[in-house]
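My questions are about this predicted structure, shown below with the sequence.
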Amino acid sequence: MERNPLRVSFAGLELENPTILASGVLGYSAESLDRVVRAGAGAVVTKSIGVEPRVGYVNPTLVQAEAGFLNAMGLPNPGIGVYVQEIGHCKTVLRAPLVVSVFGYSAQEYAGVAKKAASAGADAVELNVSCPHVRQTGAEIGQDPKILKEVVENVKAVIDVPLIVKLSPNVSDIALLGRAAVEAGADALTAVNTLKAVAIDVETTRPVLANVKGGLSGAAVKPVALRCVWDIFEELPDVPIIGCGGISSWSDAVEFFLAGASAVQIGSAVAFDEGIFNAVNRGVLSYLRRKHLGSVKELVGLAHRS
Ligand code: RRO
């Protein structure tokens, strides 16, 4: 049988193709995640789940920016106690790996949620240590190598599925944080979460988002995300990186592979077209054929070689 050139394996995960639904884009339900798998995604990441249910921020929580979106949803989620049932349902429905995104307000909370998610059947856990605008979680953890290490070590000690850490671009040296996460036990790194940003309405003279600050995603952040992947690969060439930030075409995905990513997450582009996963996969496949390459892996980090 012919080998599938799009197949990727990293950190103990096997994906039919290198496209992954990014966290936060299509929520949690098995049905909505399954739509994306049927549209060609090689894996899916849930919206971040914490210990307790959270309603999130009041509206407006989303605004279109020049080339992307600015969001401040505020971590709305049902809490892991309820969500474990849906993880079980996902496992019976989804024909692709399920990655559960986890957040907490302490290392113990992260570990508790991650353990429950893994026991319920998550194929991997992605730690959200990078939300740019929710206090006492997210970037406050991911910007400090000492706190980050504590969180990752605590989670690593209680799960036996792959541990992915999603990093923030809102730092001066992302490779340093990546190294801290890996030294503490991360099996892979996702680069990156959204960029901290503001939008102002000139008529009301007020910030558009109820929370004032939010996270910028979409095409506007692609060069920043690509640079983050580049920096991490230079520092940690053997650690799998999942690129995330503004990917909306096969050539965007190839840029991330060349910079050092083993797979890519797609978020904002899903808002315009769920068919993006198949479109990216088709384009990457024809690029591999045109370049006489046998697999995505052969592209990973190629732009670093002199
Ligand atoms: O829920 C959010 O407002 C949110 C999260 Br948790 C995140 O990690 N990144 C983002 O842009 N928004």
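Cool, got the structure.

Contact partners for the nearest residue to residue 132 once chain neighbours are set aside?
Once flanking residues are discounted, residue 132 sits nearest to residue 196: 4.0 Å by Cβ to Cβ, 6 or more residues apart in numbering. C-beta coordinates here come from the backbone N, C-alpha and C atoms, glycine included. For residue 196, the contact set (Cβ atoms under 8 Å, 6 or more residues apart in numbering) comprises 132, 133, 139, 170, 213, 214, 215, 216.

What is the nearest of the residues you listed to the ligand?
residue 215 (2.7 Å; Cβ to the nearest ligand atom).

Now the closest one. Its backbone dihedrals?
Main-chain torsions, residue 215, degrees, to the nearest 10: phi -110, psi 130.

re earlier: what pLDDT does the residue nearest to residue 132 get?
For residue 196, the pLDDT comes out at 96.

Surely it forms part of a helix?
No - with DSSP: H, G, I helix; E, B strand; the rest coil as the criterion, residue 196 is assigned strand and is not in a helix.

and it, what are its bridge partners?
Taking DSSP bridges as the rule, residue 196 bridges to residue 215.

Use 421 as the first number from now on
Sounds good: first residue 421 from here, last item residue 616.

what's the distance between it and the ligand?
As judged by Cβ to the nearest ligand atom, to the nearest Å, residue 616 and the ligand stand 9 Å apart.

Make a ChimeraX selection of the buried ones in the contacts of residue 616.
Selecting only the buried entries of the contacts of residue 616 in ChimeraX, with 16 or more other Cβ atoms under 10 Å as the criterion:
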select :552,553,559,590,634,635,636
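
Tell me the residues of the stretch 471-620 of the chain that contact the ligand?
Contact residues, the stretch 471-620 of the chain versus the ligand (Cβ under 6 Å from any ligand atom): 491, 492, 493, 494, 495, 548, 550, 551, 558, 613, 614.

how many neighbours does the closest residue to the fourth one other than its chain neighbours have?
I take that to be residue 494. In space, residue 494 comes closest to residue 477 once its chain neighbours are excluded; the distance is 3.4 Å by Cβ to Cβ, 6+ apart. Counted with other Cβ atoms under 10 Å, the neighbours of residue 477 add up to 19.

helix, strand or coil for residue 477?
Residue 477 ends up coil, using three-state DSSP.

How about residue 584?
Residue 584 ends up strand, using three-state DSSP.

follow-up on the earlier one: where's the residue nearest to residue 552 relative to residue 668, distance?
From residue 616 over to residue 668 the distance is 22 Å, taken as Cβ to Cβ, to the nearest Å.

What of residue 491?
The value you get for residue 491 to residue 668, if Cβ to Cβ is used, is 17 Å.

got it, and residue 626?
For residue 626, the distance to residue 668 equals 31 Å [Cβ to Cβ].

Tell me which of those two has more neighbours.
Neighbours per residue (other Cβ under 10 Å) separate residue 626 from residue 668, with residue 668 holding more: 21 against 11.

Look up the closest residue to that one, ignoring the ones flanking it.
Excluding the flanking residues, the one nearest residue 668 by Cβ to Cβ, 6+ apart is residue 689, at 3.8 Å.

Now that neighbour: phi and psi?
Dihedral pair for residue 689: phi -60, psi -20, per degrees, to the nearest 10.

in terms of contact, does it touch residue 696 like I think?
Yes - using Cβ atoms under 8 Å, residue 689 is in contact with residue 696, at 4.8 Å.

Can you check which residues contact both of these two?
Applying Cβ under 8 Å, 6+ apart, one finds that residue 689 and residue 696 are jointly contacted by residue 668.

buried sites along the lowest-mean-pLDDT helix or strand in the chain?
The helix or strand of the chain with the lowest confidence, counting by mean pLDDT, DSSP states H and E, is helix 559-562 at a mean of 85. Neighbour-count burial for helix 559-562, counted by 16+ other Cβ under 10 Å, picks out 559, 560, 561, 562.
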